[in-house]
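Visitor: everything below, folded, please.
(2 chains)
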Amino acid sequence: MSTSAPSLTPEQLEAFGQELDAIRASVVADLGERDAEYINTVIRAQRALEVAGRGLLFVGFLPPAWIGGVAALSLSKILDNMEIGHNVMHGQYDFMKDPRLDGKTFEWDTACPAEQWRHSHNYMHHTHTNVVGKDRDIGYGILRMSEDEPWRPYYLGNPLYATLLAVLFQYGVAVHDLETERIAAGELTLSDKRGMLEDIWRKVRGQTLKDYVLFPLLSGPSFPFVLAGNATANLTRNLWAFTIIFCGHFPEGTHEFTEEEAANETRGEWYYRQLLGSANLTGGKLFHILAGNLSFQIEHHLFPDLPAHRYAEISEQINELRKRYGIPYNTGPLTKQFGSVVRKIVKLALPPLPGRGGGSGAEEPASAPETQPKELPTAA
Amino acid sequence: MYSVHTCTLTDQEPRTLPTTTSPRGLGRRILRSNLLEALAYPHGVDRYVELVRPLLVKGEVRAEVTAARRQTAKSVTLTLRPNENWRGLRAGQFVGLSVEIDGVRETRPYSPAGSEHEDTLELTVSTHPEGKVSRYLRDHARPGMLVGLTGPEGEFVLPEEPPERVLLISGGSGVTPVMAMLRTLVAEGYAGEIGFLNYARSPELALYGAELDRLAGARGSLRVARGFTRARRHSLTGRFCREHLRAVISEHADAATFVCGPPALIDAVGAVWAQDGLPGPAVETFTPPPMRFDTGGAEGTVSFAASGREAANSGLPLLEQAEDAGLTPDHGCRMGICNTCTCRKRAGTVRNVITGEVSSAGDEQIRICVSVALGDVALDL
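Guide: You can find the predicted model right below:
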């Protein structure tokens, strides 16, 4: 797929931004009963799956019950974290003025304290999307996911670190805001992060107590089955969330930006960076729901606070709009996009090929348009 | 609802704590156990229970509508049975009533009209042409509907010690809190003298008229006079004046007086009291007095510390300035009543545009819908 970014004049970017603002405004004006009904339905489904899953695991010594229980509890945790937790915490349902769905106070069924997520994700990642050195979602401080990141021998372990991150994803997310790589580098000390650590400990303790102590103990003789079932459900959710999230910004063709490029952006330029820095996944309706509609990562990054089930509806408008401006739109099925992410993880484990520019990587980093538009490179 | 003057009565504790004995005491104890709470972490037991039995939640007051009748074409009278989290109220206080309209939870203040000794609440909601909640309730309220309740709030209440005589004056929908007082006094077998002046636009729009006439007929110590401002005369002619007092009370100077109605009625009563050199009666009006603020002389900067935004002070209420800056603070009534918009002020001086009260205490909670900045102000938004 050719993903060369076009040169847009400041006037074009201004108009592009205004058209996107208009799409957003039309959705905001239409928010209401349908969106409330949607999220309430998803919540009812999640609660029902959770109760069913935990109930089945109580008789988990019967293999079909164990498998069914794990499946239901995995789906419950996936819905809870992605279509409910992630989206509610973006403030997508704040318009309902329902304290239970208040983006500022919502908590979710995972190790990461919601309060820290709101900072590391809603603010850091969504504001500085794909800006190397600012967006800590690029590699989570442990992986080399950009050619702009100078290679070190440590990165030979890239595939191993990625696998560990996927398996332990909820804990990786939980410590994301601690900036552990800066602690390791001696820039920060653990005592700088004491309050944060206490919050993480409190949340992890609550999650652990529930999944690995209380429910197993309550099940009596089913103890090992419930323990293993809960661990498997958490693992399934970890792998799924990792897969979807890594497909959002790392497939080949997504662009990265330097801090200089992202400085003093106009609204139109910010939209343009979000569009170039994100990638979508194609699939059916159920797939999108289980992906928390992050399969519409582009639409989500343009409008993080619109209810996520609206992304599918506006994606046609976005597609039509970006075509008129000649802007690439990175999308594909999960296998293709994730395959591309895996290739990148492996490729960036190795040092850059000699003769093609040392630490700055084999290819020029993509960049946002500047006042003097320039041709952006093609990544195939 | 808005208290113009603070009533001098202090003790607002409910006199009655309705104790609901539950037939499912054990079940409830289990629902409220720490173990179940740990199992439902982090969402909490209520978020599961409410999907099956919405009234069984422990963290919120919710109520079921058990009756909805239309006394007049422009009102609906609801009977509410609150869940066991309700702790009662005092006659004259108001509650926040929440309903979901087109996916959005809307909350409005209403003064229950029933005796404070009842287990149920009676709300008479008068519809306004622009009133989203009142029109919704008129059209959709029916038995079985669930609503949310907050409060009670308000200092417009009867004195703790029964006074020798009580004078109640109401205009239009303002009848509800004084009706609650009358019904409470009747239920308590109050032996003193009660006078009740009740104004409405027309007989068709008069609320509780028949009940007032019936109560007056049954009790020698209660005198009721009713008047219509836009229809033929009833027992009173025209709008409130000194002469009307003589129809219902032997002596108004020492009567514990409660007035609720439109600002014109409040002002008319206040004028008579002022002429007589009496301290103002306890008053309540559902229409707030106009906000007094000046956008011309505004100076300083309003900073929204939590979002890192700031703007030059425009002189408008801080809620509007926050919205102009692209923020979406929680808010409800936009007239200083419902407390939804309350937020922390980190620094600076503000003036309440309704009371005129100036507050320069640095760190405090303020209602941003009725507060304007005097110079630099920093808000936790």
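Visitor: residue contacts, the closest residue in space to B:P163 that isn't next to it in sequence?
Guide: Of all residues not flanking B:P163 in the chain, B:A256 sits nearest, at 4.0 Å (CB to CB, 6 or more residues apart in numbering or on different chains). Placement of C-beta: from N, CA and C, glycine included. Counting by CB atoms under 8 Å, 6 or more residues apart in numbering or on different chains, B:A256 makes contact with B:L158, B:P159, B:P163, B:R165, B:V166, B:L167, B:A282.
Visitor: neighbours of whichever residue of chain A sits closest to chain B, how many?
Guide: Of all residues in chain A, the one sitting closest to chain B is A:A36 (3.2 Å; CB to the nearest CB). If you count neighbours by other CB atoms under 10 Å in any protein chain shown, A:A36 ends up with 21.
Visitor: what number of residues lie near the residue nearest to it when sequence neighbours are not counted?
Guide: What sits nearest to A:A36 in space, not counting adjacent residues and going by CB to CB, 6+ apart, is B:G103, at 3.2 Å. Neighbour count of B:G103, defined by other CB under 10 Å: 20.
Visitor: thought B:G103 was touching A:D30?
Guide: No: using CB atoms under 8 Å, B:G103 is not in contact with A:D30; the gap is 10.7 Å.
Visitor: read off the pLDDT value for residue 186.
Guide: Going with chain A. What the model reports as pLDDT for A:G186 is 85.
Visitor: you answered for a different chain; I wanted chain B.
Guide: Predicted confidence (pLDDT) for B:V186: 94.
Visitor: which residues does the residue nearest to B:P163 bridge with?
Guide: In this entry, B:A256 is beta-bridged to B:V166, by DSSP bridges.
Visitor: gap between A:R136 and B:F94?
Guide: A:R136 is 49 Å from B:F94, where distance means CB to CB, to the nearest Å.
Visitor: who has more neighbours, those two?
Guide: Per other CB under 10 Å, whichever of A:R136 and B:F94 has more neighbours is B:F94, with 27 against 18.
Visitor: state the phi and psi torsions of that one.
Guide: phi -120, psi 160 (degrees, to the nearest 10).
Visitor: equivalent analysis for the one 3 residues further on, please.
Guide: Reported as degrees, to the nearest 10, the phi and psi values for B:L97 are phi -110, psi 130.
Visitor: B:G154 touches B:G96, doesn't it?
Guide: No: contact criterion CB under 8 Å: B:G154 and B:G96 do not qualify, at 11.0 Å.
Visitor: what parts of chain A come near chain B?
Guide: A:31-37, A:44, A:47, A:51, A:94-98, A:100, A:107-109, A:203, A:206-207, A:209-210, A:214-215, A:218 (CB under 8 Å from any CB of the partner chain).
Visitor: and if we set it to 7 Å?
Guide: With CB under 7 Å from any CB of the partner chain as the criterion, chain A comes near chain B at residues A:32-33, A:35-36, A:44, A:47, A:94-98, A:100, A:107-109, A:206, A:209-210, A:214-215.
Visitor: buried ones only from the contacts of B:A256, please, as a ChimeraX command.
Guide: In ChimeraX, a selection of the buried entries from these looks like this (16 or more other CB atoms under 10 Å in any protein chain shown):
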select /B:158,165,166,167,282
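Visitor: of all the contacts of B:A256, the one with the weakest confidence?
Guide: Ranking the contacts of B:A256 by pLDDT, B:A282 lands last with 88.
Visitor: distance of that one from B:A113?
Guide: Counting by CB to CB - B:A282 and B:A113 are separated by 17 Å.
Visitor: got a pLDDT number for A:L376?
Guide: So, for A:L376, pLDDT stands at 39.
Visitor: now the lowest-mean-pLDDT helix or strand in chain A: buried residues?
Guide: Using mean pLDDT, DSSP states H and E, the weakest-scoring helix or strand in chain A turns out to be helix A:180-184, at a mean of 84. Of all the residues in helix A:180-184, those buried under the rule 16+ other CB under 10 Å are A:T180, A:I183.
Visitor: mind checking how far it is from the chain centre?
Guide: Between the centre of helix A:180-184 and the centre of its chain there are 22 Å (CA atoms, centre = their mean, to the nearest Å).
Visitor: I would like the residues contacting that helix, please.
Guide: A:G141, A:I142, A:L188, A:T189, A:L190 (CB atoms under 7 Å, 6 or more residues apart in numbering or on different chains).
Visitor: now the buried members of the residues of chain A next to chain B.
Guide: Buried residues within the residues of chain A next to chain B, counting neighbours by 16+ other CB under 10 Å: A:35-36, A:47, A:94-98, A:100, A:107-109, A:206, A:210, A:214-215.
Visitor: least trustworthy position among these, going by pLDDT?
Guide: Among these, A:K97 carries the weakest pLDDT, at 88.
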